[in-house]
Structures are given as structure tokens and as C-alpha cells.
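model this:
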Amino acid sequence: MLTNSYNHEDEEMKKIMPEKTVVTIKNGIVVDGTGAEAEQLDIIVKDGLISAVGRDLPVEGELIDAAGLVVTPGFIDIHTHTDTSIYKYPRSGSRLMQGITTEVTGSCGIGNFPVGKEPAKVEELVHFLKLHDAYIPEEGITWKDFAGFAEDLSRYQLGTNIAPLVGHGALRIAVVGSENRAATSAELEKLCVLLDKQLAQGAWGMSSGLIYPPGSFAPAAEFNALGKILARHDALYTTHVRGESASLLQAVDEAIDVSRSSNAKVQVSHLKAIGVPNWGNGKKALEKILAARQEGLNVTADQYPYEASATALSVLLPGWVQSGGAEAMVKRLQNAEERKKMLPDLNKEMATRGGPDRILVTGLRNGREEFVGKKLSEIADMMKKPADIAVMDLLAEQEGTVQAVYFSISTEDIDYIMQSNIVSIGSDGGSVEIEEAAHSSTHPRFYGTFAKILGTFARDRGLVTLEQAVYKMTGLPAARLGMLDRGIIAVGKAADITIFDYQKIRDLATFEKPHQYSQGIVHVLVNGGFAVKNGHFTNEAHGQVLRKPH
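Numbering: from 1, shown residues only. Below is the predicted model:
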């Protein structure tokens with residue numbers, strides 16, 4: 001069982017959450033999150049809320065002179081995996097130092113709830129989460145549903161707000177398990193009932209990861225049925241579609257059909273086309289979504305601004321290898337005949353993702369630190385094996401848990417998708433803190449996504465305006481989620497506020513040196529409390545687990 005080094009019983013975690021202060025922000029250039037033109041305004045914050053917005057407001061409480069700085073709603077990261085690391089890094093330094101105040105978790109079908117009743121189902125979920133490099137609290141999984149998970153997480157003093165989705169992978173494990181088959185009619189009914197319960201408790205929607213077992217084993221009809229439950233709650237369905245390379249366009253059609261058949265709100269996660277032969281299909285995929293919207297369907301997308309994706313190394317394996325969960329996968333990887341069968345598909349997928357020279361290993365489960373930060377081709381040389389054999393041996397040795405970065409996305413697709421006002425910004429990253437994580441490797445999006453959008457895409461390249469970029473980070477994701485109290489600067493909204501120097505904001509994290517905070521973020525308030533002050537991470541806990549209003 002994975003454990004967290006940052007135990008909530010530690011003395012640091014027993015600190016009382018700092019009291020919210022009264023703050024007046026004067027002279028800032030306010031970009032309010034609606035897309036409206038920037039305007040110089042003052043803002044007063046009281047009791048965790050925005051109490052006044054206007055010109056020449058009297059100073060109350062602590063004064064922040066924001067002259068020359070941009071003041072925006074706190075950024076909402078609509079696609080994260082912070083729930084896989086939150087038990088180790090609850091303060092979320094890598095997120096706050098790029099201006100993020102709210103994180104949508106449980107993405108790509110990878111979630112901590114619901115949990116099956118039988119001990120075997122609990123263990124199956126633990127194995128599933130381990131495959132995706134998740135940290136588990138020392139006492140293990142003690143909750144059964146969203147309400148229990150939220151209560152457990154609330155014991156940890158959080159740096160950011162957390163808005164969890166139901167992970168379809170966890171949902172399916174709780175009812176069907178990890179077998180490669182369609183749900184029976186009775187199981188499908190149970191899936192719908194269990195999803196309904198999580199949404200009634202305040203989960204913000206459901207995500208799927210259709211390249212990852214067990215989600216990849218579910219037919220389209222399952223999502224059409226679950227979509228009707230989501231529509232009943234006006235909850236969002238986010239999907240890592242069934243294919244992002246040669247089958248991208250068909251996979252996007254499948255996602256659109258969920259909205260058509262169920263009337264659910266659908267969001268295509270981290271929209272992109274993987275592999276040189278498929279470059280240009282990212283643009284075509286967005287055009288499919290825009291055409292669906294013309295048809296009246298409620299479909300959008302999100303995006304991160306990098307040429308490399310990051311996920312498990314096991315995605316190189318064909319789906320049948322992963323049927324039955326991690327233990328079954330490892331047994332197949334140790335069987336000579338099974339290895340022969342999987343080699344053609346493994347090599348095809350490895351080539352699509354750029355080949356061993358363009359795959360970077362960033363994390364392993366059991367030792368082997370000498371491989372972290374190395375290309376797959378370098379690791380194969382170190383192991384004195386061909387790359388395909390090295391992949392199988394490494395996954396078997398590491399019990400299936402190897403994380404990797406794949407350099408396989410077109411800059412032209414990124415630019416085209418970036419300019420659309422129906423595309424939110426989602427990092428696909430998670431919570432990290434430099435002091436504890438500097439010995440490891442990761443994707444720079446964990447630290448730099450939002451600063452990169454503002455510094456590179458808006459200011460330096462002018463690909464989007466400042467107002468457009470902020471809208472894609474705040475008002476748009478809030479509207480998609482039905483998050484009524486955040487995402488714009490207005491009286492009565494939660495005081496999640498990000499203040500930055502537009503001339504200096506820049507991402508510093510690189511693939512070679514990812515553990516670097518972004519620069520240019522001056523102040524960040526979460527629920528009215530300082531999470532970043534004068535450019536420094538305060539390590540204070542002002543975040544909350546958010547529940548969707550009904």
C-alpha cells in the first residue's frame with residue numbers, strides 16, 4: 001500500500017486554519033472573468049467573500065496596492081489529477097504559484113470513489129489507483145462514496161479548493177470489476193443508481209478515461225445511460241476519449257453522441273491529436289465539436305499548452321493485456337507466449353507516440369531512480385534490451401506503475417484549439433511541492449500551465465487576448481461546472497482572487513527541470529485568505545472541498 005509522507009496527524013497539519021482578513025485591493029487592472037474589457041477598479045474582501053467592487057473605494061482592513069498589476073478571479077483548473085497526490089501534497093504549492101485556486105479532480109475516469117462493498121473490490125480500486133501513481137492515506141481507503149471521501153479529505157488542511165468528479169473507472173470497479181466485458185442490464189442499472197447517489201451528495205459530474213481499463217471495456221451504450229443521470233443533475237461529463245491518435249475523430253463522435261442521446265453536458269478532455277500522421281486532426285476534432293454546438297448540443301473541450309502528453313507507460317500495451325487489473329496484467333507480462341502476442345500492438349503504439357527517443361520516463365513504483373528522467377531509448381540501452389522488451393520488463397518489475405511523458409503533439413493543433421472560446425484551460429497535472437518532490441521528475445504542466453498561457457500565448461504571441469485567456473481560465477470553466485459562486489469578480493462571489501504582473505508572468509518549469517514555480521504571481525487569495533503573498537507561497541490552508549449546489 002502506498003503511503004503519504006505528509007501525515008495529517010503531524011503537528012503542522014494540526015494548525016488552526018488562519019482567520020480570513022479584511023482586504024482592500026486598490027488600483028488594479030481588473031479582468032473580471034466574463035471576457036469583458038479590463039478596467040481599473042478597487043475590490044474589498046470580507047469574510048471570505050467579495051463585498052464591494054468599484055472606483056475609489058475607501059480602504060478597509062489590509063491594503064494591497066495593485067497599481068500596475070492585473071486582478072482576476074482565481075483560476076479554475078478544470079482537468080487535474082490532484083486527487084492522486086493530495087494526500088501527500090495537500091497545500092498544492094505547484095498549483096497556487098501559478099494562480100490556481102480551484103481544482104477539478106477525478107479526471108480521466110481515475111477517481112477515489114465510489115468504493116465497492118466487498119473487501120476485494122476495495123483492493124481492486126487500490127490497485128487501479130496505484131497504476132496511476134496515486135498516493136493512498138496510511139489507513140487506506142476508509143470511505144465508500146463522495147460524502148465519505150469529502151469528509152476524509154477535509155481532515156487535511158487544503159491549499160486549493162477541490163471539486164471532485166465521479167471517476168467512471170472507480171464506478172465500474174465498484175459494480176462490474178475490471179473484466180473486459182459489457183455490464184449486464186442489472187449491472188448497468190446499479191451503475192446508474194450509484195452515480196445518481198454520488199451526484200446527489202454533491203459530486204460535480206463524471207469523468208471517463210476510455211484508453212484506460214476498466215473504462216476502455218465499457219461500450220458506448222453505457223455512457224449514453226449514465227449521461228441521462230448526469231443530465232438529470234445538470235452535471236458535466238468529461239471524457240478522455242477512446243482514441244487520440246488514428247481514431248481521434250471517431251472517438252470525438254462517440255463523445256458527441258453521449259450529448260445527443262442523453263442531453264448531458266459533455267466536455268472532451270485535453271483535446272489534441274497524438275502522432276505525426278494524425279497532426280491536423282486536432283483542428284478537425286474541434287470543428288466537429290463546433291458543428292455539434294450548431295446542432296444545439298452542449299459540447300465543449302479543454303486543453304493544455306504543451307507538445308507532450310503524460311500518462312502511464314502501460315498505455316503502450318493493448319487493452320486485453322490489462323483486463324482483470326494490475327495483477328493479471330503483470331502475470332501476462334511474465335508469460336512468454338502472451339508477450340509475443342502483445343508485441344505488434346505495443347510497437348505500433350510506441351511508434352505512434354514518437355518512438356523510444358520521444359518517450360521520457362518520469363516515475364516508477366519500486367526503486368530504479370537511475371531511470372527517472374531518462375528517455376525510453378536510454379533505459380533500453382541501460383538494460384541492454386530492445387525498447388519493446390524493456391517496456392514489458394519494466395512494467396512487470398514495477399507492478400505496472402510507470403509514468404511517462406510522450407512528445408507527440410503538433411504546435412499548429414495547439415494554436416488552433418487555443419483560440420477557441422469554447423475551450424477551457426486544464427493542466428492535466430496535479431499538486432506538487434518543490435521541497436518534497438525535487439528528487440523526482442514530472443511534466444512541467446504541474447507547475448506552469450496557466451502562467452504559460454498568460455505569458456507565452458497571450459502576452460508574447462498575442463494568440464489570445466488577456467481577457468480571452470482569463471475567461472478560458474475562470475468564467476468559462478465555472479459556467480461549464482455550474483459553479484455559481486466562483487469564476488468572476490462580482491459582489492457576493494467567493495474571494496478567490498489572483499493578482500499578477502502581466503509583464504513578468506512566465507512559466508519556468510521545463511521537461512529537464514520541471515520543479516520550478518512560475519514567476520509573476522504576486523498575490524493569491526483562496527476564500528479570502530492569502531495562499532500567496534508578495535510572490536511567496538504562504539503554506540497556509542484556505543481551501544475547501546466544494547459540493548455542487550442543487
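
name the nearest residue to the residue nearest the centre of the chain, ignoring sequence neighbours.
Among the residues of the chain, residue 80 comes closest to the average C-alpha position under C-alpha atoms, centre = their mean, at 1.4 Å. Leaving out its chain neighbours, the residue that sits closest to residue 80 by C-beta to C-beta, 6 or more residues apart in numbering is residue 103, at 4.5 Å. Where C-beta positions appear, they are placed from N, C-alpha and C, glycine not excepted.

does that neighbour belong to a helix, a strand or coil?
Assigned state for residue 103: strand (three-state reduction, DSSP: H, G, I helix; E, B strand; the rest coil).

what stretches of the stretch 201-350 of the chain score poorly on pLDDT?
For the stretch 201-350 of the chain, no stretch is flagged by pLDDT under 70.

what ranges do the helices span in it?
The residue ranges that make up the helices of the stretch 201-350 of the chain, judged by DSSP state H, counting those that start in this stretch, are 220-232, 248-262, 281-294, 326-333, 336-352.

among those helices, which is nearest residue 144?
helix 220-232 (18.6 Å; C-beta to C-beta).

buried residues, the closest one. List them.
The neighbour-count check on helix 220-232 (16 or more other C-beta atoms under 10 Å) flags 222, 223, 224, 225, 226, 227, 228, 229, 230, 231 as buried.

orientation of the strand or helix carrying residue 377 relative to helix 336-352 in degrees?
Element membership for residue 377, per DSSP states H and E: helix 376-383. On the basis of axes from the mean of the first three to the mean of the last three C-alpha atoms, to 10 degrees, helix 376-383 is oriented at 140 degrees to helix 336-352.

C-alpha coordinates for helix 376-383, PDB please?
Provided in PDB are the C-alpha atoms of helix 376-383 (Å, rounded to 0.1, in the frame of the first residue of the first chain):
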ATOM      1  CA  LEU A 376      13.000   5.000 -23.100                       C
ATOM      2  CA  SER A 377      15.800   4.500 -25.600                       C
ATOM      3  CA  GLU A 378      18.400   5.300 -23.000                       C
ATOM      4  CA  ILE A 379      16.700   3.000 -20.500                       C
ATOM      5  CA  ALA A 380      16.700   0.200 -23.100                       C
ATOM      6  CA  ASP A 381      20.400   0.700 -23.600                       C
ATOM      7  CA  MET A 382      21.000   0.600 -19.800                       C
ATOM      8  CA  MET A 383      19.000  -2.600 -19.600                       C
END
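
tell me what that helix is packed against?
When contacts are defined as 3 or more C-beta pairs under 8 Å, 6 or more residues apart in numbering; DSSP states H and E, helix 376-383 packs onto strand 359-364, helix 387-397.

tell me the mean pLDDT over the first one?
Per-residue pLDDT values over strand 359-364 give a mean of 88.

which helices and strands sit right next to that strand?
strand 374-375, helix 376-383, strand 402-407.

do you know which of the ones you listed lies nearest residue 297?
strand 402-407 (30.4 Å).

dump that closest one to PDB, restricted to CA.
Extracted in PDB, the C-alpha atoms of strand 402-407 (Å, rounded to 0.1, in the frame of the first residue of the first chain):
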ATOM      1  CA  VAL A 402       5.500   3.600 -14.600                       C
ATOM      2  CA  GLN A 403       4.700   7.100 -15.600                       C
ATOM      3  CA  ALA A 404       6.000   8.700 -18.800                       C
ATOM      4  CA  VAL A 405       5.900  11.800 -21.000                       C
ATOM      5  CA  TYR A 406       5.200  11.400 -24.700                       C
ATOM      6  CA  PHE A 407       6.400  14.100 -27.200                       C
END
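
contact partners of it?
133, 274, 307-314, 353-354, 358-365, 376, 394-395, 443, 511 (C-beta atoms under 8 Å, 6 or more residues apart in numbering).

what's the answer for stretch 148-156, then?
8, 13, 86-87, 90, 112-113, 137, 142-143, 162, 164, 201-202, 544-545, 547.

walk me through the domains of this structure.
As given by automatic domain parsing, the domain ranges for the chain are 1-307+409-550, 313-407.

hang on, residue 263 packs against residue 229?
No. The pair residue 263 / residue 229 is not scored as a contact, 11.3 Å apart, by C-beta atoms under 8 Å.

for residue 409, grab phi and psi.
Here is the backbone geometry of residue 409 (degrees, to the nearest 10): phi -120, psi 140.

so it touches residue 308, yeah?
Yes. If you go by C-beta under 8 Å, residue 409 and residue 308 touch, sitting 6.6 Å apart.

of these two, which one has the most company?
A count of neighbours by other C-beta atoms under 10 Å puts residue 409 above the other of residue 409 and residue 308, at 24 against 20.

tell me what that one is bridged to.
Beta-bridge pairing for residue 409 (DSSP bridges): residue 274.

quick one: neighbours of residue 177, just the number.
18.

what about residue 173, which SS state?
Residue 173 is classified as helix under three-state DSSP.

ok, it - contacts?
116, 121, 124, 125, 128, 214.

before we move on, the earlier item: between the helix holding residue 377 and helix 387-397, how many degrees?
Using the same axes, to 10 degrees: helix 376-383 against helix 387-397 is 80 degrees.

can you pull the contacts of the nearest residue to residue 226 once chain neighbours are set aside?
The spatially closest residue to residue 226, leaving aside those adjacent along the chain, is residue 195, at 5.7 Å (C-beta to C-beta, 6+ apart). By C-beta under 8 Å, 6+ apart, the contact list for residue 195 reads 166, 171, 206, 226, 229, 230.

so which strand or helix has residue 195?
Taking DSSP H and E as the criterion, residue 195 maps to helix 185-200.

could I get the buried residue list for that helix?
In helix 185-200, counting by 16+ other C-beta under 10 Å, buried: 187, 188, 190, 191, 192, 194, 195, 196, 197, 198, 199.

can I get those in JSON lines including distance to residue 54 and pLDDT?
Shown next, in JSON lines, are the buried residues of helix 185-200 (distance: C-beta to C-beta, whole Å; pLDDT from 0 to 100):
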{"residue": "187", "distance to residue 54": "56", "pLDDT": "98"}
{"residue": "188", "distance to residue 54": "54", "pLDDT": "98"}
{"residue": "190", "distance to residue 54": "53", "pLDDT": "98"}
{"residue": "191", "distance to residue 54": "50", "pLDDT": "98"}
{"residue": "192", "distance to residue 54": "48", "pLDDT": "98"}
{"residue": "194", "distance to residue 54": "48", "pLDDT": "98"}
{"residue": "195", "distance to residue 54": "44", "pLDDT": "98"}
{"residue": "196", "distance to residue 54": "44", "pLDDT": "98"}
{"residue": "197", "distance to residue 54": "44", "pLDDT": "98"}
{"residue": "198", "distance to residue 54": "41", "pLDDT": "98"}
{"residue": "199", "distance to residue 54": "38", "pLDDT": "98"}
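
show the contacting residues for the closest residue to residue 190 other than its chain neighbours.
Leaving aside its sequence neighbours, residue 190 sits nearest to residue 175 (C-beta to C-beta, 6+ apart; 4.8 Å). Shown in contact with residue 175 (C-beta under 8 Å, 6+ apart): 116, 183, 187, 190, 191, 194.

surely the last one is in contact with residue 114?
If I follow you right, that is residue 194. Yes. With contact defined as C-beta under 8 Å, residue 194 and residue 114 form a contacting pair (5.5 Å).

find residues that contact each of these two.
In contact with both residue 194 and residue 114: 171, 174, using C-beta under 8 Å, 6+ apart.

for the spatially closest residue to residue 241 that is not a sequence neighbour, list the residues it contacts.
Nearest non-adjacent residue to residue 241, counting by C-beta to C-beta, 6+ apart: residue 251, 3.7 Å away. Contact analysis of residue 251 by C-beta under 8 Å, 6+ apart lists 210, 241, 242, 243, 244.

please consider this matter closed, and thank you.
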